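>>> Okay, predicted coordinates and the sequence, questions at the end:
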Amino acid sequence: MKEKTRITVFCEHNQDRREPVKSVYPQGMHETIADAFRGHKEFDVAHVVTQDMPEHGLTAEVLERTDVLVWWSHLDNPIFDDAVADRVIKRVIEGGMGFLSLHSSIFSKPWQKILGIYYDAGAWGRFRTMPKGEKQRVWVSAPGHPITAGLGEYIDIPRDEMYGEPQLIPEPDRTVFISWWEGGEVGRSGCVFERGRGKLFQFTPGHEEFPIFYQEEVRLVLRNAARFLAPPPGVIIPDAQGHLDNRPQEDLSHRK
Ligand code: ZN
């Protein structure tokens, strides 16, 4: 029988402690995002962690027991510990852990560093924050892709913060969603990247002031993405010296 996919949800848990976000996510955004996976037997919500925990909750042991890391962060991106960010990156590159980056998490340290993006929203692309939000139509641009399975032609999100082009990101390996905004902008909103052994997915909907992570189609995307991002069973991990098969190194003594 297939093993369950072990999910770790990380959130900074800052703005959801107070209004106006607290009344949208009274349990904290981390719990609402984790609820997208709970009750689905192929997933094990192994850890739900927040930035205020020691080592941000992302200890080596937690990462070792994580197949897919689901991440939401915003204001506290700059004060995230560099050593922990490097640990996350290493686990993606070397260990094949999947990384699902939600909304402003694309400005988080591990995400920016792994994709080679400079940390600064203004240098990244176009966004517009309005208290009332704007309608977003998330068009499926890859209808055969596992991440878009079970969706119609598009997802309508009634209110979100506008994230538009030009996004100064590396060309994705696959763009599975492109969003249209009522203000006229468009933006790549579902981007798949591969780095090392790991797969990464940028899903840009999810501004904290709107109940986007309760929306069933959004939750379906999270589950589809986690299924896709999980490392394949039997992925070969190098030992500490970088040997992939644990056999002795080639005998090079004949070389003089
Ligand atoms: Zn936002």
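On my side now, so go ahead.

>>> hang on, C191 in a helix?
No - when DSSP: H, G, I helix; E, B strand; the rest coil is applied, C191 is found to be strand, with no helix at that position.

>>> Can you give me the neighbour number for it?
Counted with other Cβ atoms under 10 Å, the neighbours of C191 add up to 24. C-beta here means a position set from N, CA and C on the backbone, and glycine is covered the same way.

>>> Over to the one 4 residues further on?
Residues contacting R195 under the criterion other Cβ under 10 Å number 16.

>>> what residues does the stretch 101-250 of the chain put near the ion?
Contact residues of the stretch 101-250 of the chain with respect to the ion, defined by Cβ under 5 Å from the ion, are listed as S104, E161, H207.

>>> Contact partners for the residue lying closest to the first one once chain neighbours are set aside?
In this structure, S104 finds its nearest non-sequential neighbour in H74, 4.2 Å apart by Cβ to Cβ, 6 or more residues apart in numbering. Contacts for H74 were tallied using Cβ atoms under 8 Å, 6 or more residues apart in numbering; they are E12, N14, Q15, H103, S104, S105, F107, E208.

>>> For the last one, which three-state class applies?
Right, E208. On the basis of three-state DSSP, E208 is classed as coil.

>>> one step back: format the contacts of H74 as TSV; extra columns: secondary structure, pLDDT and distance to T50.
Putting the contacts of H74 into TSV (DSSP: H, G, I helix; E, B strand; the rest coil; pLDDT from 0 to 100; distance: Cβ to Cβ, whole Å) gives the following:
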residue	secondary structure	pLDDT	distance to T50
E12	coil	97	7
N14	coil	97	9
Q15	helix	97	12
H103	helix	97	16
S104	helix	95	16
S105	helix	95	14
F107	helix	93	18
E208	coil	98	14
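
>>> ok, now how distant is the residue lying closest to L58 once chain neighbours are set aside from P131?
Nearest in space to L58, with sequence neighbours left out and distances taken as Cβ to Cβ, 6+ apart, is V84 at 5.4 Å. Noted for V84: a distance of 33 Å to P131, by Cβ to Cβ, to the nearest Å.

>>> just V92 next, same as before
V92 is 35 Å from P131, where distance means Cβ to Cβ.

>>> More neighbours: which of these two?
Between V92 and P131, counted using other Cβ under 10 Å, V92 has the larger neighbour count: 25 against 7.

>>> Show me what the helix or strand hosting that one is packed up against.
Assigned by DSSP states H and E, V92 belongs to helix 82-93. Other helices and strands packing on helix 82-93, by 3 or more Cβ pairs under 8 Å, 6 or more residues apart in numbering; DSSP states H and E, are helix 60-64, strand 98-102, helix 109-115, strand 198-203.

>>> got the contact list for the residue of the stretch 51-200 of the chain found nearest the ion?
Of all residues in the stretch 51-200 of the chain, the one sitting closest to the ion is E161 (4.1 Å; Cβ to the ion). Taking Cβ under 8 Å, 6+ apart as the criterion, E161 is in contact with H103, F127, R128, T129, M130, G133, E134, H207, E209.
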